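1. The amino acid sequence is not available; the structure is as follows:
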C-alpha cells in the first residue's frame, strides 16, 4: 500500500460545496425520509420554492448529521434532480469528490464505511436527542486512502453490486404498485352495488394471540426494520423478549405511533422460517388475514390512502406520542365479494412470490457488499487500478 497516501478527510472530500440556486425558483427537494439505509440512491419526492437548506448537485452524497438519522444509516447518493440541482434538509452534510483527488462514487462508499460513521457519531454535539456532527469535526479525521485510479476501481466493484440491488428493489416496487392498483380498482373503483359491505374486523384478525415464552429466543424486529415506502422488512436479531407483538409469515405490520405511521412504516412478513413465530415492537398493529381473506389484500389495504387517513385521524394521546385507535380500524368498511377476493389472491400470489425471491437476493448481495466495503477501504482487499 505504498502508493496509498494519508489525507485529512476535509482535504480529500469537498464538504458542503457551493451550489448556485435562484431565490423564487422551484427545485427538486429531498427530505430525510427519502433516504433508506442500504440503498445507494435517493430521489426527490417533490419540488419546492427555494428556501433554507442544504444545496446539492446530481450524484452528491447526502450524509445525515443528526441523531438518530446517522445511526440509522441515512447516507445516499442523490439522483433524479430536475436540471441536475436541488436542495433539502438542513440536517444533511453534502460530500463531493475533489477534482484530481477523489472520485465522487468512491466518496459515497467511503462515507458509508464504519470508520467514518463511527468517527462522526463520536463527535456528536448538542442536547440529548438533537445532537449533530459539527462540520469542523472532519478536520480531525485522517485516513490512508488509495490513488484516484484505484478509487474508481473500488467504486466500480461496489457499484456493480449496488446496481443489481437497485434493479431488484425497482422490480419489487413495480410489483407492489401493481398489486395496490388492482386493490383500488377491484375493491373500490369497480366494486359492484350488489357486493356486501363489511367491516374489516370481519376479514382481519387484529393483534392475534400467540403462546410465547420469556425463555426462548425469537427473531425480534423493531420499528426501524420497517420501510417507509415498501413492504420490505430488514433483518431482525435473535434474543429473548419479555413483551411486544407476535407475528408470522403472511401478517402485515402497521406502525401505530406518530410519526412512524405518517411516514409510511408498514411491512409484510414473508422471510421467516416455515411456522416460525417472530416478535416485534409494541408499537406495531399486527393484522392477519382470516380464512377466506387474502393476506395480500390485507397489506394493500394498509397502503390504501383512505384507510391510512382513517388511521391517522383516529390517533389520540399527548403531542408526539399519539397512537392509532385499533377499534376505529376494526370498524373501517369496504366492499366485499368472495369471487373478487379469490381472483385478487390468485392474481397477486405470483407477484408476492417474486418479491420474496428478490428480497432473498437483495439480502445476499447486500451482505456481500457490506463485507467487501471495509476490506476495500482499508486495503485488506485491493481494487485493481484502471
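-> Received it, and whenever you're ready, just let me know what you need. None of the values given here were measured: they were computed from a predicted structure.
2. now the helices for the stretch 251-386 of the chain?
-> For the stretch 251-386 of the chain, applying DSSP state H, counting those that start in this stretch gives helices covering 295-303, 305-313, 326-330, 338-378.
3. Tell me which of those helices sits most buried.
-> Highest mean neighbour count of these: helix 295-303, a mean of 24 (counted as mean count of other CB atoms under 10 Å). All C-beta spots, glycine's among them, are computed from the backbone N, C-alpha and C.
4. so who does residue 15 touch?
-> 93-95, 135, 138 (CB atoms under 8 Å, 6 or more residues apart in numbering).
5. circling back to that earlier point, could you dump the helices of the stretch 251-386 of the chain to CSV with mean pLDDT?
-> Below are the helices of the stretch 251-386 of the chain laid out as CSV (pLDDT from 0 to 100):
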stretch, mean pLDDT
helix 295-303, 98
helix 305-313, 97
helix 326-330, 96
helix 338-378, 96
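6. So for residue 76, which of those sits nearest?
-> Closest to residue 76 of the helices of the stretch 251-386 of the chain, according to CB to CB: helix 338-378, at 14.3 Å.
7. Taking helix 295-303 as reference, get the angle to the closest one.
-> 70 degrees (axes from the mean of the first three to the mean of the last three CA atoms, to 10 degrees).
8. Now do helix 338-378: which elements does it pack against?
-> Using 3 or more CB pairs under 8 Å, 6 or more residues apart in numbering; DSSP states H and E, the elements in contact with helix 338-378 are helix 104-112, helix 114-122, helix 148-184, helix 295-303.
9. ok, 6 Å please
-> Other helices and strands packing on helix 338-378, by 3 or more CB pairs under 6 Å, 6 or more residues apart in numbering; DSSP states H and E, are helix 148-184, helix 295-303.
10. Could you give the number of residues near the nearest residue in space to residue 369 that is not next to it in sequence?
-> In space, residue 369 comes closest to residue 161 once its chain neighbours are excluded; the distance is 4.3 Å by CB to CB, 6 or more residues apart in numbering. Counted by other CB atoms under 10 Å, the residues lying close to residue 161 total 17.
11. what's the answer for the one 3 residues further on, then?
-> Residue neighbour count, defined by other CB under 10 Å, stands at 15 for residue 164.
12. Report the contact partners of it.
-> residue 365 (CB atoms under 6 Å, 6 or more residues apart in numbering).
13. if you set the cut-off to 10 Å instead, what comes out?
-> 361-362, 365, 368-369 (CB atoms under 10 Å, 6 or more residues apart in numbering).
14. same question, residue 376
-> 106, 109-110, 113, 146, 150-151, 153-155, 157-158, 382-383.
15. with those residues in mind, which one is nearest to residue 213?
-> For the contacts of residue 376, the nearest to residue 213 is residue 113 (39.8 Å; CB to CB).
16. Straight-line length of stretch 32-44, end to end?
-> In stretch 32-44, first residue to last residue: 10 Å (CA to CA, to the nearest Å).
17. Please apply the same query to stretch 202-216.
-> First-to-last distance for stretch 202-216 - CA to CA - comes to 33 Å.
18. Next: stretch 309-326.
-> OK, stretch 309-326 end separation, CA to CA: 13 Å.
19. any idea how far it is from the chain center?
-> Centre-to-centre, stretch 309-326 and its host chain are 23 Å apart (CA atoms, centre = their mean, to the nearest Å).
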